[in-house]
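Enquirer: Sequence first, then the predicted structure, then my questions.
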Amino acid sequence: MAKHSLRRRLAARVRHIEKSVTEFLDLPPEAALDLPRLTLVGNSRLLLENHRGIVTYKPDLVKLKLTAGELEIKGTGLFLREIKPDAIALEGTIHSLEFC
């Protein structure tokens, strides 16, 4: 159990150092820290950059893996317009976005 706690503290420390370096060098955090970048156009189109893959794909629910956790998109008529290794374009009527 102590190993798990130590790893968690070490990971938190590494994230803190990465964030400090990113701020010092004035780099965009989504690029330097591998954070997701979401662009929502109305409630009908979502562009997600820096994803790690698709977990669930249904017309009313899409779950995408992120570096830390998942993004759950609920809606109606959801479909993947475009899939690239680092970006996904989703269209349909988007009702909610939730980070899990």
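Expert: Arrived safely.
Enquirer: Walk me through the domains of the chain.
Expert: Domain assignment of the chain by automatic domain parsing yields the ranges 1-29, 34-99.
Enquirer: quick one, strands of the protein?
Expert: 37-41, 45-49, 53-58, 61-65, 70-83, 87-99 (DSSP state E).
Enquirer: JSON lines for the ones you listed, including mean pLDDT?
Expert: Below are the strands of the chain laid out as JSON lines (pLDDT from 0 to 100):
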{"stretch": "strand 37-41", "mean pLDDT": "92"}
{"stretch": "strand 45-49", "mean pLDDT": "94"}
{"stretch": "strand 53-58", "mean pLDDT": "94"}
{"stretch": "strand 61-65", "mean pLDDT": "95"}
{"stretch": "strand 70-83", "mean pLDDT": "95"}
{"stretch": "strand 87-99", "mean pLDDT": "95"}
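Enquirer: since we're on the nearest residue to residue 57 once chain neighbours are set aside, how many residues are nearby?
Expert: Spatial nearest neighbour of residue 57, chain neighbours left out: residue 80 (7.0 Å); criterion: C-beta to C-beta, 6 or more residues apart in numbering. Where you see a C-beta, it was placed from the backbone N, CA and C, and this is true even at glycine. Residue 80 sits with 14 neighbouring residues when counted by other C-beta atoms under 10 Å.
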